[in-house]
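Engineer: Predicted model follows, preceded by the sequence.
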Amino acid sequence: MSPANTSICGVNDAVGCNDGDYVIDAGACWGETALEFARRVGVSGKVFAFEFVPSNLKVLEQNLSLNPDLRPIITLASSPLWDVSGEEMAFDDGGCSSKLSAVLGSSGKVRTTTIDEYVSTQRIDHIDYIKMDIEGAELAALRGAIQVLKSSRPKLAIALYHRDVDFQTIPEFIHSLDLGYRFHLGHHSINQYETILYATAR
């Protein structure tokens, strides 16, 4: 199946997750992608779903409760991903378009974590797949995942469309790690707007 024919960001048959995979869903929002990942990885896999916005978490929890067969596969992490842990940041609740901000936000404050710290503290020995759609924080989150990228070389599905500069900076950053990643692009809306960078290591 071509990426242009799939309907969920990061769910792609060409660069997809498989039975038994350990998956990071960064920007889980209401949980539809996390549930699809859980269906694909099965009971021998695991999905670590990152979502910090309270209104999104409420809907996400409701959706998980409606899928009791998949719920045990999914672990929720309610901290936003960044390139450093423990940084206090503000946010405005915009539903699935919520963004972190260095200035005071109207919806509250949160403390960041990194993928490297989360994987280390949770004693996760490998990651097979990382999906990111986190409203422009993708490059920062990747910088906070260098150890995981180097040790696991997971498949990647990274949203590029939130910032024009990310079309250049994100592939350049991944390439700079010299891990043998190959890249291609996919789109996930009828107007071809939601551009996703797919990457697999040789």
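Structural biologist: Now that the structure is in, tell me what you want to look at. Predicted model only: the values in this text are computed from it and were never measured.

Engineer: what bridges to Phe50?
Structural biologist: Per DSSP bridges, the residues bridged to Phe50 are Ala26, Ala77.

Engineer: tell me, how many neighbours does it end up with?
Structural biologist: Using other Cβ atoms under 10 Å, Phe50 has 24 other residues around it. From N, CA and C alone the C-beta is placed, and that goes for glycine too.

Engineer: Quickly note the distance from it to Gln168.
Structural biologist: Distance, Phe50 to Gln168, using Cβ to Cβ, to the nearest Å: 25 Å.

Engineer: can you check Arg39 too?
Structural biologist: 34 Å.

Engineer: and these two? which has more neighbours close in?
Structural biologist: Between Arg39 and Gln168, counted using other Cβ under 10 Å, the more crowded position is Arg39 (16 against 10).

Engineer: Next one: that one, what pLDDT does it get?
Structural biologist: Looking at Arg39, its pLDDT reads 97.

Engineer: ok so it is a helix residue?
Structural biologist: Yes: judged by DSSP: H, G, I helix; E, B strand; the rest coil, Arg39 forms part of a helix.

Engineer: Could you find the closest non-adjacent residue to it?
Structural biologist: Ranked by Cβ to Cβ, 6 or more residues apart in numbering and with sequence neighbours excluded, the top spatial neighbour of Arg39 is Leu70, at 6.2 Å.
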